[in-house]
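Participant: quick one, fold the following:
(2 chains)
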Amino acid sequence: MYIAASRTSDLAAGTDREPALKRVSANVVALGLVSLVTDVSSEMVTAVLPLYLVLGLGLNPLQFGLLDGLYAGATAVVRVLGGHLADRWRRLKAVAGFGYGLSAVCKLGLVAAGSSVAAIGAVLAADRTGKGLRTGPRDALISLSSEPETLGRSFGVHRAMDTVGAFLGPLVAMAVLALSLGSYPSVFFTSFCIAAVAVLLLALFVRDRPGSADRAAVSLRAAAGLLKQQDFRRVTLWAALLGLVTVGDSFVYLALQRRWEIAATYFPLLPLGTAGVYLLLAVPLGRLADRVGRWPVFLGGHVALCLALVLLCGPVHAALPVIALGLHGVFYAATDGVLMAAAGPLVPAGLRATGLAVVQTGQAAARMLSSVLFGLAWTLWDLRPAVLVAAACLAVVALAAAFAKPVRP
Amino acid sequence: MKKLVVALTGTALLVAAAVTYTVSARHGTADAEPAAALTLAPGQLLFRDTATGRVGAVPLGEPTAKPQLSGLKCDRFAVAGPMAVCLAVRPGTLPAITDVLVLDDHLAVRHTETLPGTPSRARVSPDGKRVHWTLFVTGDSYAQTGFSTRAGLYEVDTGRLVKTIEELPVFVDGKRYFAADVNYWGITFAPDGNRFYATLGSKGRTYLVEADYGRFRGRTLRENVECPSLSPDGKRVAFKKKAGDGVWRLSVLDLASMRETELAEPRSVDDQALWQDDRTILYGLDNGVWAVPADGSGTPRKLVGGAASPAVTG
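Facilitator: Below you'll find the predicted structure:
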């Protein structure tokens, strides 16, 4: 079950130079395609939503902030629920499909909600619920459809495809706005159609993994018992601890913008820089994780973030922001899918969706808390001291995690 | 193989539906009604027709008359004397880019500035020498989807552009105020074309700032006053006063006595008020333009439905 066992087999297969896609299970590619199409759909809405709410409906930014908080909060709660139900019913595909379907229908809900702020809030919360429900079962499907020794590569392929969708979404939204002469309902309707394509692809091409676990083993108690298992508990805990000292994306971009005085027009290009590197490195770093161990790569990603933070405080030199963004992309490529690959084998197949959802929720909750704390530090101490303190905390926790080695060896 | 056919057919149908919807929305917005040639002749109430986005006009004395719609599309619109300003977000720009159009008395474009952000407020100074505006800019604040505001102005006679007034040295209780998160919004100019007022937001507080344009410095007068609007006689400021999260009440502040009067509009108003004359205040609310007496008496009355961003020629 443990990752160490995979090392020799991977070395033996080392001469094989087939492209990554071919060596990844068809089910993972299908799931990647579903995620790609879904991300086009959801990112096009994300891109126009602030504009629509503030300009189209005349909401003030504060109301928008409240809506957005609702949006984010809904995911964390239902994530574990989605994972648990999928395990309990042994219907990973069905629960994931329900999540994708719910989010798709919500795009139509945005058209129907018109100018009612309460209705829009409800639709956005439902949309996020769909996202929360599907994440655990989907990652469990990826992990159960892959050989344990190539989990890193599988997650890498999936995350790279997912990121392609995130790239395309805003472009599609711009094209729809230009073609419809600025009609937001057209963006939402198109987003619905694209999401429906994803649901169709999921229904047709993704195969379920019923697993052989007996039903009794997937009780609430068994799910809670996961945390009693030492290895799983330690991974969850360390992932959350690292999440707590991780500086949020928006802060990284803001720090870049402040120090290098990047014009507001170019500001949205910064996340694209990160996503580009993430896209390119997701598969290579996933493979590296399969070879040298997932935990070292996961920690290496945090070291990259730490370096990026230090660079943000360095001299205002034109090359530094490029390197910092690159390192930020490395951080994502080395952590997001790799953590799932590391945690997957620690959870029995029958509880996979629950287990992965627990790890993600712990990490997400810690990151939310970290954002609040970092925002506070920024306000109290100003930008540079706050970033340096954050980098120092990150370095200390990453070092401790390296000694703790929650994933053997 | 069969699955592939189903997938391709389904995808083709859905894409066709999306394209049809999008293209038909295009015809819906470019509607049939011919554009009227509006002018800034006195005695009119101009506004943004919310259904089409076009600038419409009705006689001020007869606001229920059928409005005439110009061909001009604006998100915010304002007028003073023979000068108008139109803020229009460019369709299909992400992040949003706004065109600030300076217009003459026949609504012909005299000058265009293109700035990042989405339109929030627009005004022309009473002497017609400056147009000023507020734009929402995303990604400036550290909250992931936070907004910040940027208030700027354009000197019509000299062609000088001030993209943001956030460099304005400002004094709070006599002391120079410094903070990284200074935001300004809702500028209003006095008839002399030099004294102006604006809202300063910083560290969760909002202040009414009185400033001297020539010397370019300002001081705070009072807290909790947003989107000020100076009366034609220059003695009173109408503003929105925060009553809770996302709830604002319209009030009028007498600058000599610093006394506040709450107006008779009980609902929350998020707009920069407009003085129709020294007695009446106009504002946009619930997809309509409303009027309420400036002395706190009377009741609000709806002038035009399906309208926002009122402007009065006089």
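
Participant: domain ranges for chain B, per the record?
Facilitator: Chain B breaks down into these domains under automatic domain parsing: B:1-30, B:33-312.

Participant: what's the most buried one of those?
Facilitator: domain B:33-312 (a mean of 19; mean count of other Cβ atoms under 10 Å in any protein chain shown). No exception for glycine: its C-beta is placed from N, CA and C like everyone else's.

Participant: can you add distance to chain A and mean pLDDT and give the domains of chain B back as TSV?
Facilitator: Shown next, in TSV, are these (distance: least, Cβ to the nearest Cβ, whole Å; pLDDT from 0 to 100):
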stretch	distance to chain A	mean pLDDT
domain B:1-30	4	87
domain B:33-312	3	90
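
Participant: let's have the ones you listed in JSON lines, adding distance to residue A:79.
Facilitator: Below are the domains of chain B laid out as JSON lines (distance: least, Cβ to Cβ, whole Å):
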{"stretch": "domain B:1-30", "distance to residue A:79": "28"}
{"stretch": "domain B:33-312", "distance to residue A:79": "19"}
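
Participant: got the contact list for residue A:276?
Facilitator: Contact analysis of residue A:276 by Cβ atoms under 8 Å, 6 or more residues apart in numbering or on different chains lists A:167, A:329.

Participant: neighbours of the closest residue to residue A:92 other than its chain neighbours, just the number please.
Facilitator: By the measure of Cβ to Cβ, 6 or more residues apart in numbering or on different chains, the closest residue to residue A:92 outside its immediate chain neighbours is residue A:137, 4.3 Å from it. Applying other Cβ atoms under 10 Å in any protein chain shown, we find 31 other residues in the vicinity of residue A:137.

Participant: residue A:137 falls within a strand, correct?
Facilitator: No: applying DSSP: H, G, I helix; E, B strand; the rest coil, one finds residue A:137 to be helix, outside a strand.

Participant: check whether it really touches residue A:355, as I assumed.
Facilitator: No: the criterion here is Cβ atoms under 8 Å, and residue A:137 misses it with residue A:355 at 11.6 Å.

Participant: quick check: neighbours shared by the two?
Facilitator: In contact with both residue A:137 and residue A:355: residue A:83, using Cβ under 8 Å, 6+ apart.

Participant: all helices of the stretch 201-350 of chain A, in order?
Facilitator: Assigned by DSSP state H, counting those that start in this stretch, the helices in the stretch 201-350 of chain A fall at A:220-225, A:230-244, A:249-260, A:269-292, A:294-312, A:319-343.

Participant: name the nearest residue to residue A:370, ignoring sequence neighbours.
Facilitator: Leaving out its chain neighbours, residue A:370 is closest to residue A:244 (Cβ to Cβ, 6+ apart), at 5.2 Å.

Participant: still on that earlier bit, save the helices of the stretch 201-350 of chain A as TSV, and put in mean pLDDT and distance to residue B:115 too.
Facilitator: Putting the helices of the stretch 201-350 of chain A into TSV (pLDDT from 0 to 100; distance: least, Cβ to Cβ, whole Å) gives the following:
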stretch	mean pLDDT	distance to residue B:115
helix A:220-225	76	53
helix A:230-244	91	38
helix A:249-260	81	17
helix A:269-292	91	18
helix A:294-312	94	28
helix A:319-343	92	24
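
Participant: give me the residue at the spatial middle of the chain.
Facilitator: Let's take chain A. In chain A, the centroid-proximal residue (Cα atoms, centre = their mean) is residue A:336; its distance is 6.2 Å.

Participant: should've been chain B
Facilitator: By Cα atoms, centre = their mean, the most central residue of chain B is residue B:121, 2.2 Å off.

Participant: that residue belongs to a strand?
Facilitator: Yes: assessed with three-state DSSP, residue B:121 lies in a strand.

Participant: measure it to residue A:49 for me?
Facilitator: 22 Å (Cβ to Cβ, to the nearest Å).

Participant: got it, and residue B:171?
Facilitator: With Cβ to Cβ as the criterion, residue B:171 and residue A:49 are 39 Å apart.

Participant: quick check: closest non-adjacent residue to residue B:191.
Facilitator: Leaving aside its sequence neighbours, residue B:191 sits nearest to residue B:126 (Cβ to Cβ, 6+ apart; 4.5 Å).
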